[in-house]
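J.: Here's a sequence, model it:
(one chain, ligands or ions: 1)
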Amino acid sequence: MKRRELLQMAISLGGAATLGRDAFAAAPSAAASALGAGEFPAGFHWGAATSAYQVEGAWNVDGRGESIWDRYAHTAGKIKQGGTGDVACDSYHRYREDIALAKRLNLKSLRFSIAWPRIQPLGRGAVNDKGLDFYKRFIDAVLEAGMRPYPTLYHWDLPQPLEDAGGWPNRDTAQRLADYAEIVVKAIGDRVKEWTILNEPYVFTVLGYGIAIHAPGRREPDACLRATHVANLAQGLAFQAIKAVDPRLKVGGAYSCGPTRPASDSAVDRAASERQYKFSNLWFVEPALTGRYPQGVLPADKQDAMLGVRDGDDKRVRAALDFIGLNYYSFGYVRDDPRYAVPGLNPEWTPRPAFDHYAQTDFGWDIYPPGMYEIVMDMAKHTGGVPIEITENGAAYNVGLGADGRVHDPKRVEYTRAHLKELSRAIRDGAPVRGYHHWSLLDNFEWSEGFTQRFGLVHVDFANGQKRTPKDSADWYANVIASNKVS
Ligand code: FCB
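T.: Prediction:
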């Protein structure tokens, strides 16, 4: 498909960010345009991702404090089948085995997160050295295995005392995150060169404070909008704090992203889709890069009051991100509902329209590989030449151990193959993408879904001693990495 046709398709689908703008202007480098279909550039960061609460377990070990996910998971009725991250994959104790598995998969980059409540059990003040020591050991083992350690500072495990003080809607949380970032980077910055500050700020603010699907389970749309601004402040302040420790460190973020589509052909749904596109894709990127929020999402005359913006915040939210991480899984349908300031704050999920014809993963997410191309090209247009990494992409297929002791998961292979082909196409068309991380290395605790959704390349037998078994998809992915090509 030519770019012009793509642009028209995006417009007809309500891809707002392309409206009124020129098609992506960057010219592919000679090296990128010399790549063949399915090929990737030399030195590509092939990886997989995990996050602390989803894999570590050891929730009350070695001085770790309580997080909002501990509190939420320990509250009856919040998580499917009563799952918790108390043990999860027990990676706190089995990390050497996990790193060996990652190496066996030929990974070049291991994305993981650092648990704030291990470092500052109360979210402020006293530092727990045992927490820092764990991540030093972990990172040293990753380096010894010849992989890049690629940590995220905040993957949703806010210390509970900060939630008790108001949580993300409380402006003070921004400075708390910046202090924590400084502590970690001072202690570990010699070992790690690239730092991701926030994982999916859209998801932890909107799902956590707007529609009560994630911890801390609040359904407060007004507070949620303020939380989005505090997350932007946190990102800016943490960025500045890390650069003050060592300006050579590279600092970025990981953002959930994907096309939006109107749930019907009505004008109001089309307009809602355009607004939601900006809210879900650009709300935490544009303020960092420009100091401004995307226009046309909230009423211009009320926006500052709704967000709790103060004088000078345009400078505080600024962060000249060294890389942009994108988490892409699927697209979303959007319908208008005048009761909510932004469609994403509507707690009622938009039903799947009758015209939807896509196959779905076991999680019920529509499978749309061209969305990888569309969103990467579009984000690249917004972020200019800033390097992009895919920080997450993957699918839940709940396949267990077969009689032969193996896990045959051909659908995960097909999902990943199709998305990687689209990613290669974006690179050949000039998008500055330098890495891809599959979600996830291991089956793990999938938030409110508990252990019911398996995203891993490696199967974990939670009921039988946590035994790890690489799936067919793991072998397939190892070959992709070895050949730097998907076919
Ligand atoms: C993303 C999260 C990640 C994982 C995947 C399936 O939104 O960042 O932790 O749960 O979804």
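J.: Now do the buried residues in the lengthiest helix in the chain.
T.: In the chain, taking DSSP state H as the definition, the longest helix is helix 221-245. Of the residues in helix 221-245, those buried under the neighbour-count criterion (16 or more other CB atoms under 10 Å) are 221, 223-243, 245. From N, CA and C alone the C-beta is placed, and that goes for glycine too.
J.: just stretch 167-185 next, same as before
T.: Across stretch 167-185, burial judged by 16+ other CB under 10 Å covers 167-171, 173-185.
J.: on that earlier part again, what's the model's confidence in the longest helix of the chain, averaged?
T.: Here the mean pLDDT over helix 221-245 is 99, rounded to a whole number.
J.: After it, which helix or strand is next?
T.: Past helix 221-245, heading to the C-terminal end, the next element that is a helix or strand (DSSP states H and E) is strand 250-257.
J.: Check which helices and strands that next one is in contact with.
T.: Helices and strands touching strand 250-257, by 3 or more CB pairs under 8 Å, 6 or more residues apart in numbering; DSSP states H and E, are strand 194-199, helix 201-205, helix 221-245, helix 267-282, strand 323-328, strand 388-392.
J.: Just send those back as JSON lines, with distance to residue 114 too.
T.: Putting the helices and strands packed on strand 250-257 into JSON lines (distance: least, CB to CB, whole Å) gives the following:
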{"stretch": "strand 194-199", "distance to residue 114": "10"}
{"stretch": "helix 201-205", "distance to residue 114": "15"}
{"stretch": "helix 221-245", "distance to residue 114": "12"}
{"stretch": "helix 267-282", "distance to residue 114": "26"}
{"stretch": "strand 323-328", "distance to residue 114": "15"}
{"stretch": "strand 388-392", "distance to residue 114": "15"}
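J.: Now render those as a markdown table, adding distance to the ligand.
T.: Converted to a markdown table, these look like this (distance: least, CB to the nearest ligand atom, whole Å):
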| stretch | distance to the ligand |
| --- | --- |
| strand 194-199 | 5 |
| helix 201-205 | 5 |
| helix 221-245 | 14 |
| helix 267-282 | 12 |
| strand 323-328 | 6 |
| strand 388-392 | 6 |
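J.: do you know which of those lies nearest residue 382?
T.: helix 267-282 (6.4 Å; CB to CB).
J.: angle of the closest one against helix 221-245?
T.: Our comparison of helix 267-282 with helix 221-245, counting by axes from the mean of the first three to the mean of the last three CA atoms, to 10 degrees, yields an angle of 30 degrees.
J.: So which bits of helix 267-282 are buried?
T.: Within helix 267-282, the residues that count as buried by 16+ other CB under 10 Å are 269-282.
J.: how far does stretch 84-91 sit from the chain's center?
T.: 20 Å (CA atoms, centre = their mean, to the nearest Å).
J.: go on, stretch 267-287?
T.: Averaging C-alpha positions (CA atoms, centre = their mean) puts stretch 267-287 18 Å from its chain's average.
J.: quick one on the thing from earlier: out of the buried residues of stretch 167-185, name the ones that lie in strands.
T.: Members of the buried residues of stretch 167-185 lying in strands (criterion: DSSP state E): none.
J.: Please, where are all the strands along this structure?
T.: Counting by DSSP E, one finds strands in the chain at the ranges 45-49, 109-113, 148-154, 194-199, 250-257, 260-262, 323-328, 332-334, 388-392, 433-439, 458-461, 467-470.
J.: can you pull the contacts of residue 249?
T.: Residues near residue 249 by CB atoms under 8 Å, 6 or more residues apart in numbering: 185, 189, 192, 193, 194, 195, 242, 243.
J.: can you pull the contacts of the last one?
T.: To tie it back to what came earlier, the one meant is residue 243. 249, 251.
J.: any idea how far the residue nearest to residue 105 when sequence neighbours are not counted is from the ligand?
T.: Excluding its sequence neighbours, the residue lying closest to residue 105 (CB to CB, 6 or more residues apart in numbering) is residue 478, at 4.8 Å. With distances defined as CB to the nearest ligand atom, to the nearest Å, the gap from residue 478 to the ligand amounts to 21 Å.
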